[in-house]
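S.K.: Here is the input, now give the coordinates:
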Amino acid sequence: MEEDWDDPDFVFNAVRRDFKSFERASTALRRDQDFVRRVLLEDARAFEYAADEVRSDRDFVQDALRSCEVDGCGVLLAMPDALQNDRDLVLEMLEFGSEDAIEHVPEALLKDAEFMLRASLIRGEFWEDEADVVEWASEELRSDPDFMLLAIQNGEGNYAHMSEKLSRDRDFVMKAVKIRGIAYVATAPELRNDREILLAAVKNDGGAIRYAPKELQSDPGMLLAAVRTCSDAFGFAAEELKRNREFISAAVTTCASALRWASQELRNDRSFVLEAMRHDCSALQYASEELRSDRNVALEAVRSNMKGLVLGDSVLRYLSPELRSDREIVLEAVRNRGDALQHASQELRCDRQVVMEAVRSDGRALRYASEELRCDRQVVMEAVKSEGRALQDASDSLKGDQEVVLEAVKHVPYRRVVLKYASQELRSCREVVLEAMRKDPSNLECASPELQRDRELVLDFFRSPPRGGKIVTRDSEASWILNPGLRQASRRFQSDRQVVLAAVRYDGKVGLLFAAPELRSDREIVLEAVRTSGVALKLASAELRSDREVVLEALGNRGDMLEVAAPELRCDRNVVMKAVKNCGTALRWASYELRSDREIVLAAVESEWKGVLYARVELDREIVQKALEHALEHGHVDLQDDDEVACVHRIVVMKLKRSSYGQMIMQWASERVTDFEKLSFLELHAQFISMPVCEEDAQYPDLGWRFRQEMESESDGDGQGTGARRKS
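M.R.: Take a look at the predicted model:
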């Protein structure tokens with residue numbers, strides 16, 4: 001074949017064989033952004049040979065990453081230095097990069113605390129855990145107490161990457177183990193002998209005691225503290241402690257499973273075991289065989305509130321066979337917990353009163369009843385009233401009883417398929433099928449072939465108000481998957497415009513998933529879809545995602561859909577302003593220039609304080625105040641949770657704290673607030689603006705401004721005020 005380096009197909013095939021071939025392509029092809037994007041999808045390493053103006057075009061690089069499955073690592077290596085040091089762009093690279101992408105991040109970013117913390121939260125396809133990122137932080141950052149404490153709080157494994165200097169810093173270690181007790185593992189050997197540090201660690205995570213010196217493992221107070229957070233910690237107790245009644249009693253009060261480590265003598269002590277069961281009846285499983293055959297002990301157990309038992313468990317399980325045949329004991333047990341019926345004797349599972357009590361407590365206990373009672377209409381009716389899915393265990397004759405099946409449909413949890421348990425005759429009943437579909441459209445899959453082809457049934461479903469919410473799709477990492485029942489209907493009616501219009505009015509996202517590809521380009525249908533569900537914009541055609549009216553309609557209820565708007569609309573100031581007013585973090589998807597627009601940043605922060613993460617302007621006093629006010633107003637003071645939202649909040653606080661205004665507040669707090677280190681930055685700010693100070697302080701101009709504003713407001717209300725309110 002003759003070489004033609006101006007021919008796109010020839011060049012593309014050459015790149016498929018060897019990415020370096022792109023270097024020989026014509027200048028026109030290496031400047032053609034559409035062709036370069038196509039090449040990147042094949043092999044991102046070829047980006048190195050794209051024209052300089054393409055490699056330097058930030059918007060092109062960003063859009064290529066967002067719209068294509070491009071290997072970010074290959075793109076990162078080929079970018080010019082200016083873009084390689086762009087924090088936000090490189091963060092997006094990491095989302096698409098291979099597992100070694102972090103190795104190629106410039107050193108300047110590895111020293112950037114905000115970058116490293118945000119990178120540690122990325123849950124890309126290749127990241128096993130956040131520790132992979134923090135490991136690459138600079139030595140300077142891994143020696144920074146503030147950074148490492150945030151890193152430890154944000155990810156369980158990050159404690160392993162603290163510097164040697166910090167591992168020997170007693171104050172830092174004490175704070176670290178209070179956040180993650182397991183951080184005790186990474187402390188210097190001399191600090192592992194520190195009783196106070198170990199105590200703080202086991203109070204957070206009792207498992208830390210396994211790494212402690214032997215003498216501390218044998219400390220009764222230490223073990224009790226550890227058992228409260230980890231029952232296995234009791235395994236490290238000395239033999240004499242296992243025979244100590246007072247110590248075991250205290251341990252069992254905290255954790256019932258501690259009884260298994262007790263001496264045989266204590267496990268056979270009736271009063272001791274009964275006391276343990278009052279705290280947690282699952283302690284019975286560790287009692288001696290003799291006590292588990294004691295009728296009085298058994299009655300005490302089944303009359304308890306079942307505290308400590310997991311789903312499907314029952315104290316009946318731990319009793320002797322004789323006691324599981326005792327009618328009084330079993331009746332008490334199933335009244336408390338229906339599923340205890342599974343541990344009753346065969347004789348009692350045939351007892352109508354026992355079974356009736358069980359299914360009233362938990363309809364699913366019907367499965368443990370005798371075959372005769374599963375044919376009893378009254379028993380089955382009680383069961384399906386308690387739990388609709390009990391229909392599964394009813395006799396075939398009752399599965400064909402319309403009243404029983406409709407009762408089951410009424411009481412089945414939302415998004416659960418129950419029609420599959422009904423008889424073939426009732427699966428052909430329009431009333432039953434429609435009621436079942438309103439609980440979960442997947443029930444249509446179980447309907448008769450005639451009803452699955454019934455256009456009016458599908459229209460009636462979309463026209464009727466949904467019961468239990470409109471959640472009839474399942475989200476996956478890459479896309480939405482239409483509910484199986486609607487997917488089946490879609491095969492027949494996806495091109496029926498009237499059905500699709502009804503579907504998008506029911507739920508825009510559902511409707512466009514239901515629609516045929518050509519109808520996703522229908523402007524009227526897409527407009528209806530985004531009015532009911534802004535997220536439906538993701539499913540619209542590329543042409544309609546460039547339609548300003550359609551995009552504005554979507555942004556009205558889902559500002560974050562700016563992500564899928566056409567690039568030119570992400571540069572439109574009015575479009576971006578509407579998005580960030582609805583969702584502050586939509587600022588992330590605005591053009592680089594608009595993220596530097598102070599008015600837009602302020603609007604984003606007023607909407608959602610996390611918007612400051614994506615701001616490209618200096619965080620001045622007004623922006624920081626708006627963010628903190630929003631945080632306090634929406635209750636973001638307690639940031640101790642482990643979920644990703646709390647992790648992001650902690651990074652936002654760090655960014656606000658490091659602003660010049662934030663530093664001013666910290667300086668004021670260090671001078672005038674007792675034990676200021678025990679208060680969060682948000683709480684300090686709340687004090688700062690609300691202090692009862694009637695005159696302005698030149699050093700701290702915003703000190704007490706809210707207090708003064710309220711005073712002036714009261715004065716104005718009395719007709720005595722002379723000055724205008726001070727603006728925040």
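
S.K.: from what I can see residue 317 touches residue 339, true?
M.R.: No: Residue 317 lies out of contact with residue 339 (Cβ atoms under 8 Å); the separation is 10.4 Å. Placement of C-beta: from N, CA and C, glycine included.

S.K.: From the neighbour counts alone, determine which of those two ranks first.
M.R.: residue 339 (21 against 16; other Cβ atoms under 10 Å).

S.K.: For residue 545, see how far away that one is.
M.R.: 51 Å (Cβ to Cβ, to the nearest Å).

S.K.: repeat for residue 429
M.R.: For residue 429, the distance to residue 545 equals 43 Å [Cβ to Cβ].

S.K.: repeat for residue 243
M.R.: To residue 545, residue 243 is 73 Å away according to Cβ to Cβ.

S.K.: Between those two, which has more neighbouring residues?
M.R.: Neighbour count, other Cβ under 10 Å: between residue 243 and residue 545, residue 545 has more, with 19 against 14.

S.K.: Run through the residues that contact the more buried one.
M.R.: 537, 551, 564-566 (Cβ atoms under 8 Å, 6 or more residues apart in numbering).

S.K.: Okay, helices next: where are they in the stretch 1-150 of the chain?
M.R.: Here the stretch 1-150 of the chain has its helices, by DSSP state H, counting those that start in this stretch, at 8-17, 27-31, 33-42, 52-55, 58-67, 72-78, 81-84, 87-96, 107-110, 113-120, 131-134, 139-142, 145-154.

S.K.: Mean pLDDT lowest where, among those helices?
M.R.: Lowest mean pLDDT within the helices of the stretch 1-150 of the chain: helix 131-134, at a mean of 68.

S.K.: Check whether residue 78 really touches residue 56, as I assumed.
M.R.: No: using Cβ under 8 Å, residue 78 is not in contact with residue 56, being 10.8 Å away.

S.K.: Out of these two, name the residue with the larger neighbour count.
M.R.: Using other Cβ under 10 Å as the criterion, residue 78 and residue 56 rank with residue 78 on top: 18 against 14.

S.K.: so who does the more buried one touch?
M.R.: By Cβ under 8 Å, 6+ apart, the neighbours of residue 78 are 45, 47-48, 50, 55.

S.K.: Residue 34 versus that one, what's the distance?
M.R.: Distance, residue 78 to residue 34, using Cβ to Cβ: 18 Å.

S.K.: try residue 176
M.R.: Residue 176 sits at a distance of 51 Å from residue 34 (criterion: Cβ to Cβ).

S.K.: Those two - which one has more neighbours?
M.R.: Ranked by neighbour count (other Cβ under 10 Å), residue 176 and residue 34 place residue 176 first, with 31 against 8.

S.K.: name the element the more buried one belongs to?
M.R.: helix 170-179 (DSSP states H and E).

S.K.: any chance of the helices of the stretch 1-150 of the chain in CSV, with distance to residue 654 too?
M.R.: Shown next, in CSV, are those (distance: least, Cβ to Cβ, whole Å):
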stretch, distance to residue 654
helix 8-17, 43
helix 27-31, 41
helix 33-42, 34
helix 52-55, 32
helix 58-67, 25
helix 72-78, 25
helix 81-84, 24
helix 87-96, 14
helix 107-110, 16
helix 113-120, 7
helix 131-134, 14
helix 139-142, 12
helix 145-154, 6
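
S.K.: what's the closest of those to residue 598?
M.R.: With Cβ to Cβ as the measure, helix 87-96 is the member of the helices of the stretch 1-150 of the chain nearest residue 598 (17.6 Å).

S.K.: re the thing from before, scan the contacts of residue 78 and report the most crowded one.
M.R.: residue 50 (27 neighbours).

S.K.: Isn't that residue up against residue 30?
M.R.: Yes: assessed by Cβ under 8 Å, residue 50 is found in contact with residue 30 at 5.3 Å.

S.K.: if I look at the two, which residues touch both of them?
M.R.: 22, 36.

S.K.: hang on, the earlier thing: name the residues of the helix or strand following the helix holding residue 176 that are buried.
M.R.: Using DSSP H and E, the next helix or strand after helix 170-179 towards the C-terminus is helix 195-204. Under the neighbour-count criterion of 16 or more other Cβ atoms under 10 Å, helix 195-204 has 197-204 buried.

S.K.: again, but for stretch 571-591
M.R.: Buried residues in stretch 571-591, defined by neighbour count with 16+ other Cβ under 10 Å: 571-572, 575-591.

S.K.: next one: stretch 216-224
M.R.: Applying 16+ other Cβ under 10 Å to stretch 216-224 flags 216-217, 219, 222-224 as buried.

S.K.: Sort out which of the residues you listed are in helices and list them.
M.R.: Taking DSSP state H, the ones among the buried residues of stretch 216-224 that sit in helices are 216-217, 222-224.

S.K.: Need these in CSV (columns: pLDDT and distance to residue 234).
M.R.: CSV is the format used below for those (pLDDT from 0 to 100; distance: Cβ to Cβ, whole Å):
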residue, pLDDT, distance to residue 234
216, 87, 15
217, 84, 11
222, 89, 12
223, 85, 7
224, 84, 9
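
S.K.: surely residue 509 meets residue 537?
M.R.: No: taking contacts as Cβ under 8 Å, residue 509 lies outside contact range of residue 537: 9.4 Å.

S.K.: what packs against the helix holding residue 176?
M.R.: Applying 3 or more Cβ pairs under 8 Å, 6 or more residues apart in numbering; DSSP states H and E, we find helix 170-179 packed against helix 145-154, helix 164-167, helix 195-204.

S.K.: next one: that helix to chain centre, how far?
M.R.: Distance of helix 170-179 from its chain centroid, counting by Cα atoms, centre = their mean, to the nearest Å, is 27 Å.

S.K.: got the buried residues for that helix?
M.R.: Residues of helix 170-179 classed as buried by neighbour count (16+ other Cβ under 10 Å): 172-177, 179.

S.K.: go on, stretch 700-712?
M.R.: Counting neighbours by 16+ other Cβ under 10 Å, one finds that the buried residues in stretch 700-712 are 700, 702-706, 708, 711-712.

S.K.: and what of stretch 27-42?
M.R.: Taking 16+ other Cβ under 10 Å as the criterion, stretch 27-42 shows 29-30, 32-33, 35-37, 39-40 as buried.

S.K.: from the residues you listed, which is closest to residue 658?
M.R.: Residue 658 has its nearest neighbour among those in residue 40, at 35.7 Å by Cβ to Cβ.

S.K.: Nearest spatial neighbour of residue 563, chain-adjacent residues omitted?
M.R.: Distances taken as Cβ to Cβ, 6 or more residues apart in numbering place residue 589 nearest to residue 563, at 4.5 Å, with adjacent residues excluded.

S.K.: Test for you: state the pLDDT assigned to the one you found.
M.R.: According to the predicted model, the pLDDT of residue 589 comes to 90.

S.K.: so where's this protein uncertain?
M.R.: The model of the chain has pLDDT under 70 over residues 1-2, 66-72, 96-100, 123-132, 305-313, 465-482, 635-644, 714-728.

S.K.: what ranges do the strands span in it?
M.R.: Under the criterion DSSP state E, the chain contains strands at 473-475, 480-482.

S.K.: Could you pull out the buried residues of stretch 498-517?
M.R.: Counting neighbours by 16+ other Cβ under 10 Å, one finds that the buried residues in stretch 498-517 are 499-516.

S.K.: Render the CA-only coordinates of it in CSV, please.
M.R.: The C-alpha coordinates for stretch 498-517 follow below in CSV (Å, rounded to 0.1, in the frame of the first residue of the first chain):
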residue,chain,number,x,y,z
GLN,A,498,-47.1,9.6,22.0
VAL,A,499,-45.7,6.9,24.4
VAL,A,500,-42.3,8.6,24.6
LEU,A,501,-43.9,12.0,25.4
ALA,A,502,-45.9,10.3,28.2
ALA,A,503,-42.7,8.7,29.4
VAL,A,504,-40.7,12.0,29.5
ARG,A,505,-43.5,13.7,31.3
TYR,A,506,-43.5,10.9,33.9
ASP,A,507,-39.7,11.2,34.3
GLY,A,508,-37.4,12.9,31.8
LYS,A,509,-34.4,10.6,32.4
VAL,A,510,-36.6,7.5,32.2
GLY,A,511,-38.3,8.8,29.1
LEU,A,512,-35.2,9.4,27.1
LEU,A,513,-33.7,6.1,28.1
PHE,A,514,-37.0,4.6,26.8
ALA,A,515,-36.9,6.6,23.6
ALA,A,516,-35.3,5.5,20.3
PRO,A,517,-32.1,7.4,19.3
